[in-house]
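Participant: after the sequence you'll find the predicted model.
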Amino acid sequence: MRSLACLALAAVLLTGNLLPAASAAWAEPIRRPNASQLEAIRRWLCPNGGTPVRGRPGRCDGAGGGSFGTPGWDRDLPPPTRQARVECPAGTRPVQARARQDVIRCLPD
């Protein structure tokens, strides 16, 4: 009976159930993508440019949009002037907004 227990213990030790370091040595090494694969992944995740944002799936920083202080669709526009009063263009008339009394909207004639 004692030899059977020793044989079972030896089988457990050899399979690596009690020795995780031994089984890790036999495991396949971690494969990491090379530079061209990383670039292909980045282009797939951020087709409009930039790089993926860690921790925010589906978000890219950089060349894609106007967020985070980077140039985007509004890069060639002049900065907003925040004028309180502007004339309505030709073909429209000024109308007071319903929800806000201090807002005038230009609606077509």
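Facilitator: Received it, and whenever you're ready, just let me know what you need. Treat the numbers as computed from the prediction; the structure is a model and nothing was measured.
Participant: and the closest residue to P33 other than its chain neighbours, how far from P52?
Facilitator: Distances taken as CB to CB, 6 or more residues apart in numbering place I41 nearest to P33, at 6.7 Å, with adjacent residues excluded. For glycine as for every other residue, the C-beta is placed from the backbone atoms N, C-alpha and C. Computed as CB to CB, to the nearest Å, the I41 to P52 distance reads 8 Å.
Participant: what is the neighbour count of C46?
Facilitator: Counted by other CB atoms under 10 Å, the residues lying close to C46 total 19.
Participant: equivalent analysis for the one 4 residues further on, please.
Facilitator: The number of residues packed around G50, counting by other CB under 10 Å, is 19.
Participant: CA atoms only for stretch 27-42, dumped as CSV, please.
Facilitator: Taking C-alpha atoms only, stretch 27-42 is exported to CSV below (Å, rounded to 0.1, in the frame of the first residue of the first chain):
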residue,chain,number,x,y,z
ALA,A,27,4.8,25.7,-21.9
GLU,A,28,5.0,27.5,-25.2
PRO,A,29,6.6,31.0,-24.8
ILE,A,30,4.4,34.1,-25.1
ARG,A,31,4.3,35.3,-28.7
ARG,A,32,4.3,39.1,-29.2
PRO,A,33,3.4,40.8,-32.4
ASN,A,34,6.3,42.3,-34.4
ALA,A,35,6.4,46.0,-35.6
SER,A,36,4.5,45.4,-38.8
GLN,A,37,1.8,43.4,-37.1
LEU,A,38,1.4,46.2,-34.4
GLU,A,39,1.1,48.8,-37.2
ALA,A,40,-1.6,46.7,-38.9
ILE,A,41,-3.5,46.3,-35.7
ARG,A,42,-3.3,50.1,-35.0
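Participant: how about residues contacting that stretch?
Facilitator: With CB atoms under 8 Å, 6 or more residues apart in numbering as the test, stretch 27-42 has contacts from T51, P52.
Participant: so which bits of it are buried?
Facilitator: By 16 or more other CB atoms under 10 Å, stretch 27-42 has no buried positions at all.
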